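Novice: Sequence and predicted structure, then a few things I'm wondering about:
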Amino acid sequence: MTRQMKLGAFLWATGHHIAAWRHPKAHVTAGIDIDHSIQLARTAEAAKFDMIFCEDAAGLREANVGIASQTSRSIGFEPISLLSALAVQTSRIGLVSTASTSYNEPYGLARTFLSLDRLSGGRAGWNLVTSASPIEAANFGATGLKPHADRYERAREFAEVVTGLWQGGSFLGHDGQSFSVRDPLDLPRSPQGAPVMVQAGASDVGRDLAARTADVVFTAAQTLEEAKAFYDDLKGRMAAYGREPNDIKIMPGVSPVVAETEAEAREKHEELQALIPDDVGVALLSSYLSISDLHRYPIDGPMPELPETEGMKSRQALVVEQSRRDGLSIRQLARHFAGARGHWRIVGTPAQIADELQARFEGGGADGFNVMPSYFPGELDAFATLVVPELQRRGLFRREYEGSTLREHLGLKRPT
Amino acid sequence: MTAGTMMHLAVSPMLYPSPQDASDFRSLASFAQKAEAAGLDMVLLADSAPAADADTRNQQIPFEATTVLAALATVTSRIGLVAAASTVAHQPYNLARRFASLDIISHGRAGWNATVVQNSREAGNLSRPEGFSAADFRRRTEEYIGIVQGLWRGWDADALLFDKVGGHFHDPGKMHLLDHKGEFFSVRGPLNVARSPQDTPVLVLSDVSEADRDMAARTADVILLDGPVGEAKARHDDLKRRVAVCGRDPDAVKLLLSVGADVTADTLDASFRSKSCDGFNIAMPPSALEGFFDRVLPELRRRGLVPQDYRGTTLRAHLGLAGGDQ
């Protein structure tokens, strides 16, 4: 069979666009309406998406309360409880949630994801993050963010313990630097061997951890060259850990705005962009760059030189590079960035979007995509009804699920 | 009879894992749906890890309890759903957030059963092989519960504005930092989950020792009483007295006596009328459920001890507790 792309439906509150909630057709109460989430999951499942993906932060996204109150991101469902509800309201689609290695214990996390996996009949996955936000740190007694390397060392040990626990009765205990665990889990083994392990860290140490332990890697890449460089680098690291390139599916984020005609798609995009207040756009950009004083620079001037941070090293480099490449002002970059949070945005017709995805997929930049609809439910519906059929016509995406577990959807080996 | 004098009934399913995962959930869902059709106040879901020392309780539910609560919330519509979760397994922020989310998923029917007993086996799996001293654990538990309840109140009920045109999603003045700095934890808050329809999840405390009674009286919505039915009256009176001493309405804390599935209507009636408890938590294998509903429950209803139907939509409403609109 020809190689087909993998697709994730990245659910997030009212939408991935920062002003999504203000869109007239956005479901503004998404963060308190479970029926809305169930409907989105069913839409994604009917379109044969491989998985639903939930991002997470254990805290507010924005420290400035005035800025935060102009976005919909301060409230929403906690993703494990959300996906557990969705597990019994869907039957085929994978369910992947983010959870932090900095603010959990491996035994509890392994057990919770295994429970989700059992509830869903083998459809669960864990997206490992180390948590780069000082807002989160303040909810867990920390006086500040731990250095990047320390967070990743803890994450490496954490992942090793979780993987061992998911192996069931053969787990022999662990006594390490950060964690000690005596017993195997007290639940039966996963229907898919083990939940799927997802990662997103793009720094050097993050890539090594992914090459060693991940089944799926999410990335942010603006151009095919960037995507391909990351793809080749990550797959090249896997041999050192005795793994084959196909053992990891690399799925860059993509934020499409699709309509029947290009003019309609552009109009739709402009409508969203116009809803972004400047202070919100700049604050969001500052937060992703892990700097607090971006608002002090002239909004129509260029991006200032930035020191390397302990937060998100790779994302910062990406954003700054983009502003230099395109000669963008802070306001322009903020608006551009707010739309897709540094991910790849494509605006166009179903055929144009399919062309772009196909070029990345066949050009060696991706095994699939994590689709980030700009607002819900409209843009997920549009992707499902316009783009997915186009991809299916081209033989690039499945028409029916081939298996029943997330590992089967993704074509991943069952762990021994 | 007024609502305050009605008997409250909870059931704790006693399931055994089967090789088929889906059937595990289906049997649990069927159990909860039957309990809902019978009009019971709530289902109490044990969590296997905290009770890993005790073989029988370890086998009650073959899932982690909060995940199964979320799933059950989507296949029931009235009955309360309470999950056990350990104060050692979860950071307080994460636990408060999980239950706040469950409370919204269930439209105000969620509760947290906090065990106040330390479990050495659990500590050994959570990077704390040394555990805590009894005194430290007690102070830690009370601090933990205070944080969780404080975080649950971080958002006012009318904080969300959804004003698309004006660009105001919420009112920042109605979102409150916790800024807790205590002996064991420091938690800034707020939660990133909205206020639920019943304001806060119901706090159920179990395994409350004599030394923990004051703490339970200060914090709990429901206390589960173990031990012989004959000794319940003294414990009930002592706990209610302590509730009053800390300035709370004695009726704001419901005391449920744990009993087995073989209990008779006469026994329940006698305990309740003697004011030994506010109701019962019945440990029930699925095979015993229908027998209880067919024989015991109709008799209790005939005697006017149990309401004919749900009076409200939230667990707090079922239990006659303040909170939410009801």
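Specialist: That came in fine, so what should we check first?
Novice: give me the low-pLDDT residue ranges for chain B?
Specialist: Chain B contains residues with pLDDT under 70 at B:1-4, B:16-23, B:48-60, B:325-326.
Novice: what do you get if the cut-off is 50, keeping everything else the same?
Specialist: B:1-3, B:19, B:50-58, B:326 (pLDDT under 50).
Novice: check contacts around the residue with the largest distance to the centre of it.
Specialist: Of all residues in chain B, B:Val165 has its C-alpha farthest from the mean position, at 40.3 Å, by CA atoms, centre = their mean. Listed by CB atoms under 8 Å, 6 or more residues apart in numbering or on different chains, the contact set of B:Val165 reads A:Arg22. Where C-beta positions appear, they are placed from N, C-alpha and C, glycine not excepted.
Novice: Reduced to three states, what does it come out as?
Specialist: coil (DSSP: H, G, I helix; E, B strand; the rest coil).
Novice: Return the distance of the closest residue to B:Leu102 other than its chain neighbours relative to B:Ala96.
Specialist: Among residues not flanking B:Leu102 along the chain, B:Ala110 sits closest, at 4.2 Å (CB to CB, 6 or more residues apart in numbering or on different chains). For B:Ala110, the distance to B:Ala96 equals 12 Å [CB to CB, to the nearest Å].
Novice: ok, and the helix or strand in chain A with the lowest average confidence?
Specialist: None of the helices or strands of chain A scores lower by mean pLDDT, DSSP states H and E than helix A:313-326, at a mean of 75.
Novice: I'd like the next helix or strand past it.
Specialist: helix A:330-340 (DSSP states H and E).
Novice: ok and that following helix relative to helix A:313-326, angle-wise?
Specialist: 130 degrees (axes from the mean of the first three to the mean of the last three CA atoms, to 10 degrees).
Novice: Would you mind listing the buried residues in helix A:330-340?
Specialist: Buried positions in helix A:330-340, judged by neighbour count with 16 or more other CB atoms under 10 Å in any protein chain shown: A:Ile330, A:Arg331, A:Gln332, A:Leu333, A:Ala334, A:Arg335, A:His336, A:Phe337, A:Ala338, A:Gly339, A:Ala340.
Novice: Whether it contacts chain B - can you check?
Specialist: No: Helix A:330-340 lies out of reach of chain B by CB under 8 Å from any CB of the partner chain, never closer than 13.6 Å.
Novice: sorry, back to before: dump the buried residues of helix A:330-340 to CSV, plus pLDDT and distance to B:Phe185.
Specialist: Putting the buried residues of helix A:330-340 into CSV (pLDDT from 0 to 100; distance: CB to CB, whole Å) gives the following:
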residue, pLDDT, distance to B:Phe185
A:Ile330, 89, 39
A:Arg331, 87, 41
A:Gln332, 85, 43
A:Leu333, 87, 39
A:Ala334, 87, 36
A:Arg335, 85, 40
A:His336, 80, 40
A:Phe337, 76, 35
A:Ala338, 74, 35
A:Gly339, 68, 38
A:Ala340, 68, 37
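Novice: Pick the one among these closest to A:Leu284.
Specialist: A:Ala338 (5.2 Å; CB to CB).
Novice: Which residue is the nearest non-sequential neighbour of that closest one?
Specialist: A:Ile18 (4.0 Å).
Novice: Tell me who's in contact with that neighbour.
Specialist: A:Thr71, A:Ile276, A:Val280, A:Gly281, A:Leu284, A:Ala338, A:Gly339, A:Arg341.
Novice: Phi, psi for B:Tyr140 please.
Specialist: One correction, residue B:140 is Arg, not Tyr. phi -60, psi -40 (degrees, to the nearest 10).
Novice: And for the one 3 residues further on?
Specialist: Phi and psi for B:Glu143, reported as degrees, to the nearest 10, are phi -60, psi -40.
Novice: residues contacting the closest residue to it other than its chain neighbours?
Specialist: Using CB to CB, 6+ apart and skipping the chain neighbours, the partner closest in space to B:Glu143 is B:Gly182 (4.8 Å). Residues near B:Gly182 by CB under 8 Å, 6+ apart: B:Glu143, B:Gly146, B:Ile147.
Novice: Who wins on neighbours among those?
Specialist: B:Ile147 (24 neighbours; other CB atoms under 10 Å in any protein chain shown).
Novice: Now do the buried residues in stretch A:60-69.
Specialist: A:Leu60, A:Arg61, A:Glu62, A:Ala63, A:Asn64, A:Ile67, A:Ala68, A:Ser69.
Novice: doesn't A:Ile135 fall inside a helix?
Specialist: Yes: secondary structure of A:Ile135 (three-state DSSP): part of a helix.
Novice: and the nearest residue in space to it that is not next to it in sequence, how many neighbours does it have?
Specialist: Residue nearest to A:Ile135 in three dimensions, not counting chain neighbours: A:Gly59, with 4.4 Å by CB to CB, 6+ apart. Applying other CB under 10 Å, we find 24 residues neighbouring A:Gly59.
Novice: Now name the helix or strand holding residue 255.
Specialist: No chain was given, so I picked chain A. strand A:249-258.
Novice: right idea, wrong chain: chain B
Specialist: Counting by DSSP H and E, B:Leu255 is found in strand B:254-260.
Novice: I appreciate the help and will end here.
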